[in-house]
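S.K.: I need the structure of the sequence given here:
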Amino acid sequence: MGFPGTWMTESESVVYRVVPKCACSTIGQIMFFSDHGKFFDGDIHDADSGMHKWAFEDSQPKITENVQGHKSYAFTCVRNPYTRILSSFFDKICGIQRNGRRYRGNLVPLLIQKYGIEVGSPEDGFEFDQIKSFRRFLLFARDTIRWRRPMDPDIHWSAMSGHVSTFILNGGTYDNIFWTEKFNEGMQSVLDAIETPVGVKLDKVPRFNESEGHGPKRAHPVEDYFDDLSMHLVYEIYKKDFQLFKYDFEDPSNKMPVAEIDLDEVHAKLGE
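M.R.: Below you'll find the model as predicted:
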């Protein structure tokens, strides 16, 4: 199985387990800059050199040796499950992707047909009932995660604990897990703990939000999208995420964590 979703700087200063929809574009660019003194020109997910990624065959032995020997500082970043699933819906389901097409080709037509979801289009200014459509999307997300139908779960809405656990199960150890909601503080704690070929001044780093601007804007506060049934579905899907990463299940309007992440607990519960 190895270490899917793991990135490492060429200098091996740091190892990062990507969790989709959790500031991964910005983190990847910071890692790239810390080796090369410049940002990658384009989406860091498209970079095929200048960084080790598990997706590259040549990088796999280097990543495996480093992670299993815990040679470098290893970290990941997580996000409130309510805002993460909402972001996935607006980006992947409603948005037009970088290639100018809908995400995963036939996925959106399938959702329109089977779940009655509306997504709008650039032509109509993305006019549709966002709350009704999102709640139907939640049913679909639950079906993919719980029963793997009508398709396997997508990385953008599968549980963060699942992404985080593969690293542990194959012999990796995290030195740091921080929250997207406290990004500067968390990323600074990583930079303070490592030595990079090029210094990084966080306040000078732009935010690389690759999903911005190609879909509808969220028209309502986060909590409006989640009624009692939606909250139940979210808890069914993301129970471990709320518990391990210390987010507030009871209040969708509170995106901030409510306690500190216990790394020992994360390793114990996700390493079983």
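
S.K.: for the helix or strand hosting residue 134, packing partners?
M.R.: Following DSSP states H and E, one finds residue 134 within helix 130-147. Here helix 130-147 touches helix 81-88, helix 107-115, helix 228-245, going by 3 or more Cβ pairs under 8 Å, 6 or more residues apart in numbering; DSSP states H and E. Quick note: C-beta positions are derived from backbone N, CA and C, even for glycine.

S.K.: can I take it that residue 75 is in a strand?
M.R.: Yes: when classified by DSSP: H, G, I helix; E, B strand; the rest coil, residue 75 is found to be part of a strand.

S.K.: residue numbering should commence at 186 henceforth.
M.R.: Sure, I'll start counting at 186 from here, so that last one is residue 260.

S.K.: what's the closest non-adjacent residue to it?
M.R.: Among residues not flanking residue 260 along the chain, residue 361 sits closest, at 4.0 Å (Cβ to Cβ, 6 or more residues apart in numbering).

S.K.: that neighbour against residue 374, yeah?
M.R.: Yes: between residue 361 and residue 374 there is a contact under Cβ atoms under 8 Å: 6.2 Å.

S.K.: which residues sit against stretch 306-315?
M.R.: Outside of stretch 306-315, the residues within contact range by Cβ atoms under 8 Å, 6 or more residues apart in numbering are 279, 281, 303-305, 400-405, 410.

S.K.: return it as CSV; C-alpha atoms alone will do.
M.R.: Only the C-alpha atoms of stretch 306-315 are listed here, as CSV (Å, rounded to 0.1, in the frame of the first residue of the first chain):
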residue,chain,number,x,y,z
SER,A,306,-24.1,26.7,-14.7
PRO,A,307,-22.0,29.8,-15.6
GLU,A,308,-24.6,30.7,-18.1
ASP,A,309,-27.4,31.2,-15.5
GLY,A,310,-25.0,32.6,-12.9
PHE,A,311,-25.2,29.4,-10.9
GLU,A,312,-28.8,30.1,-9.8
PHE,A,313,-30.1,27.1,-7.9
ASP,A,314,-31.4,26.1,-4.5
GLN,A,315,-28.0,25.5,-2.8
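
S.K.: any low-confidence regions in the protein?
M.R.: 395-399 (pLDDT under 70).

S.K.: follow-up on the earlier one: which of the helices and strands packed on helix 315-332 sits closest to residue 353?
M.R.: With respect to residue 353, and counting by Cβ to Cβ, the nearest of these is helix 413-430 at 11.4 Å.
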